[in-house]
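> here's my sequence, what's the structure:
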Amino acid sequence: MAKKKKEAPITGITVSKDEDFSGWYTEIIEKAELADIRYNVKGFVCYRPWATISIRKMYRKYEELLEKNGHLPLTMPSLIPESNLMLEADHVEGFAPEVFWVTEAGSSGPLNEKLALRPTSETALYPMYSLWIRSYKDLPFKRYQSCQVWRYEGKMTRPFFRGREFHWIEAHDVFATEEGAMAQVHEDMEMTYQMIQDEFCIPIIFFQRPKWDKFAGSVNTYAADALMGSGKVLQLPSTHYLGQNFSKPFNVKFIDTDGKEKYGYQTCYGPAISRIYGAMIAYLGDDKGLILPFDLAPVQIVIIPILIKGKETIVLEKCGEVYKKFRDKHTIKLDDSDDSPGSKFYYWEMKGVPFRIEIGPKDIQKKQVVIVKRHNGKKYFVSENELEKKIKELVDNYTKEIKEMKLLDFEEQIEMCYELDAAKEALDIGKIVCCGFCSIDMKSYRCAEVVEKEVGGFVRGKRVDEEKHEFASCIICGEPATCTVYIAKSY
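Below you'll find the predicted structure:
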């Protein structure tokens, strides 16, 4: 049963995030009207307007950055023929258990060939790439689409975090050389830091995933893990170096400058926007409700009239003046409903509106307004003639302040461990384990299974940036360590 906060009104968030994260997350999804899980197909969720507005803003930011970096948008069919899916053996083995199949249409009966609802788009795109790419002059070939994908997720579903339908962007690129492809992988990681950490205020770190945990059909996978502050991590965007594993079966070839026909080197990158939104809710939110970066908030400023009998008209007129002053610059709401000021405060705090402007008879008399900042509750008394300047200052710094307040030092999250018992203890107190491992190749999968079964965590991989720690031996088998890995619990 969810643990209640004694002081919270029943209309607001009543569950403590620190004491009962699951209960808090469920309540915020419902009370902030983000999603509805009552749709009668398991694992499929209705996204409500408050969440959808922010998700669309996130899409736009990501799409603008991709296009700035040379990607062009396209739109592909949602159905993939089974014969396409079968062309890359590792890929089909990895995804086949999760595929939704369309087997018949209308009154025509069974289809001649099963059609998959796309679990990802490699096998839809690459047959077309083989038609579209002809020469080295066509390269690099960088395309993306914003779409939904469907996977039959067998684990417990949770809105935004894990479902059977999710909303994402996938970029699929082709290069003449391995060096060009790997440069794209690094660009993908840079874009991830720019979006996830700088714009969405979620601290992340990139790991090269072990071979047993890489994207099906890839050479290597590089994944961003969000540091959720409790020792748990959540996988966010990953970028994959595909080498020629897909270009060969799908005939993605080009005529090079020497006149010879060659296979392209490929990459793919998949930021799941709905999952990132879930991470943002979970990580930034507090016991009052949502905290949102300024650009992503559906309502950025709310004006609350403080009404006293006989002074209603003058207060509402002043609120209207302030509303008109900012309505062309920001998304602003004048809440002139019949609810009490206190109820309005709780409601808009729960919804994560960055700034509240309060105006009452005494403020009008003093020619001032009161501004309250959502993320830290700080209150400002601002004269009317300084209002525009002050709002601009606060707006310009709001997201940066959230980022600085929430940014975690990765080194403070880790515990260096040399023995299995110490690793288990570290995970139990909310730490990420740093330890030696025999390798991240398939031969070491047996050690990873021990980690999962006996330690209760997962090998996330080895750091992509500079590794500061070295170990002599593998924490599981005792063989010489070829790398340093990180073990964590995950959502």
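> leaving out the residues flanking it, which one is nearest to the residue nearest in space to the middle of the chain?
Using C-alpha atoms, centre = their mean, the residue of the chain that lies closest to the mean C-alpha position is residue 276, 1.4 Å off. Beyond its immediate neighbours in the sequence, the residue positioned closest to residue 276 (C-beta to C-beta, 6 or more residues apart in numbering) is residue 236, lying 5.7 Å away. Glycine gets a C-beta too; all of them are placed from N, C-alpha and C.
> before we move on, the earlier item: just checking, the residue nearest to the centre of the chain is part of a strand?
No. Secondary structure assignment (DSSP: H, G, I helix; E, B strand; the rest coil) places residue 276 in helix, not in a strand.
> okay, it and residue 399: tell me how far apart.
Using C-beta to C-beta, to the nearest Å, we find residue 276 at a distance of 15 Å from residue 399.
> just to check, the residue nearest to the centre of the chain is in contact with residue 200?
Yes. Using C-beta atoms under 8 Å, residue 276 is in contact with residue 200, at 6.3 Å.
> who touches both of the two?
Here residue 276 and residue 200 have residue 58 as joint contacts, going by C-beta atoms under 8 Å, 6 or more residues apart in numbering.
> same question for the residue nearest to residue 276, what's its three-state structure.
The three-state label for residue 236, taken from three-state DSSP, comes out as strand.
> number of residues surrounding residue 316?
Applying other C-beta atoms under 10 Å, we find 16 other residues in the vicinity of residue 316.
> ok, and what's touching stretch 451-469?
The contact list for stretch 451-469 (C-beta under 8 Å, 6+ apart) reads 189, 205-210, 213, 222-223, 225, 233, 411, 416, 420, 423-424, 427-428, 433-434, 437, 440, 448, 476, 483-490.
> try stretch 475-487
Residues contacting stretch 475-487 (C-beta under 8 Å, 6+ apart): 207, 210, 414, 417-420, 423, 427, 432-440, 446-447, 450-451, 455, 457-463, 467, 469-474.
> let me see the mean pLDDT of it.
Stretch 475-487 carries an average pLDDT of 97.
> how does the chain divide into domains?
If the domains of the chain are taken from automatic domain parsing, they occupy 55-276, 299-397, 412-490, with pieces of a single domain joined by a plus sign.
> okay if I get the ones you listed as JSON lines plus distance to residue 21?
Written out in JSON lines, the entries for these read as follows (distance: least, C-beta to C-beta, whole Å):
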{"stretch": "domain 55-276", "distance to residue 21": "8"}
{"stretch": "domain 299-397", "distance to residue 21": "17"}
{"stretch": "domain 412-490", "distance to residue 21": "12"}
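> how about these, which one is nearest residue 13?
Evaluated with C-beta to C-beta, the domains of the chain place domain 299-397 nearest to residue 13, the distance being 6.0 Å.
> what distance separates the start and the end of that closest one?
17 Å (C-alpha to C-alpha, to the nearest Å).
> just to revisit the earlier point, among the contacts of stretch 475-487, which ones are buried?
Among the contacts of stretch 475-487, those scoring as buried are 207, 210, 414, 417, 423, 427, 432-440, 447, 451, 455, 457-463, 471, 474 (criterion: 16 or more other C-beta atoms under 10 Å).
> mind listing what's buried along the helix or strand of the chain with the lowest mean pLDDT?
Between all helices and strands in the chain, the lowest mean by mean pLDDT, DSSP states H and E belongs to helix 89-95, at a mean of 75. In terms of neighbour count (16+ other C-beta under 10 Å), helix 89-95 has its buried residues at 91-92, 94-95.
> after it comes which helix or strand?
The C-terminal neighbour of helix 89-95 among helices and strands, as given by DSSP states H and E, is strand 100-104.
> just how off-centre is that next one within its chain?
29 Å (C-alpha atoms, centre = their mean, to the nearest Å).
> using PDB, write out every CA atom in it.
Extracted in PDB, the C-alpha atoms of strand 100-104 (Å, rounded to 0.1, in the frame of the first residue of the first chain):
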ATOM      1  CA  PHE A 100       3.000  -8.400 -33.500                       C
ATOM      2  CA  TRP A 101       2.000 -10.200 -36.700                       C
ATOM      3  CA  VAL A 102      -0.800  -9.200 -39.100                       C
ATOM      4  CA  THR A 103      -2.000 -12.500 -40.700                       C
ATOM      5  CA  GLU A 104      -5.300 -11.700 -42.400                       C
END
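> what's the first helix or strand after that strand?
Next in line after strand 100-104, if elements are assigned by DSSP H and E, sits strand 110-117.
> flag every buried residue along that following strand.
The neighbour-count check on strand 110-117 (16+ other C-beta under 10 Å) flags 114-117 as buried.
> just give me the neighbour total for residue 336.
Taking other C-beta under 10 Å as the criterion, the count of residues near residue 336 is 17.
> from residue 311, how far out is it?
Applying C-beta to C-beta, the value for residue 336 to residue 311 is 14 Å.
> count the residues that sit near residue 379.
Counted with other C-beta under 10 Å, the burial measure for residue 379 works out to 10 neighbours.
> so in terms of bridging, what pairs with residue 483?
residue 437 (DSSP bridges).
> return the distance of it relative to residue 176.
Per C-beta to C-beta, residue 483 is found 31 Å from residue 176.
> okay, strands next: where are they in the stretch 1-150 of the chain?
According to DSSP state E, counting those that start in this stretch, the stretch 1-150 of the chain carries its strands in the segments 35-36, 46-47, 72-73, 79-81, 100-104, 110-117, 141-150.
> quick one on the thing from earlier: now do the contacts for the residue nearest to residue 276.
Residues touching residue 236, when contacts are defined by C-beta under 8 Å, 6+ apart, comprise 192, 196, 202, 204, 223-226, 271-272, 275-276, 279.
> residue 359 now?
By C-beta under 8 Å, 6+ apart, residue 359 lies in contact with 303-306, 315, 318-319, 322, 369-370.
> distance to residue 74, pLDDT and secondary structure added to the residues you listed, as TSV?
Conversion of these to TSV gives the following (distance: C-beta to C-beta, whole Å; pLDDT from 0 to 100; DSSP: H, G, I helix; E, B strand; the rest coil):
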residue	distance to residue 74	pLDDT	secondary structure
303	43	98	strand
304	45	98	strand
305	49	97	strand
306	52	96	coil
315	53	96	helix
318	51	97	helix
319	46	97	helix
322	44	97	helix
369	48	97	strand
370	49	98	strand
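> now the spatially closest residue to residue 235 that is not a sequence neighbour. Its backbone dihedrals?
In this structure, residue 235 finds its nearest non-sequential neighbour in residue 223, 5.4 Å apart by C-beta to C-beta, 6+ apart. For residue 223, the backbone dihedrals are phi -120, psi 140 (criterion: degrees, to the nearest 10).
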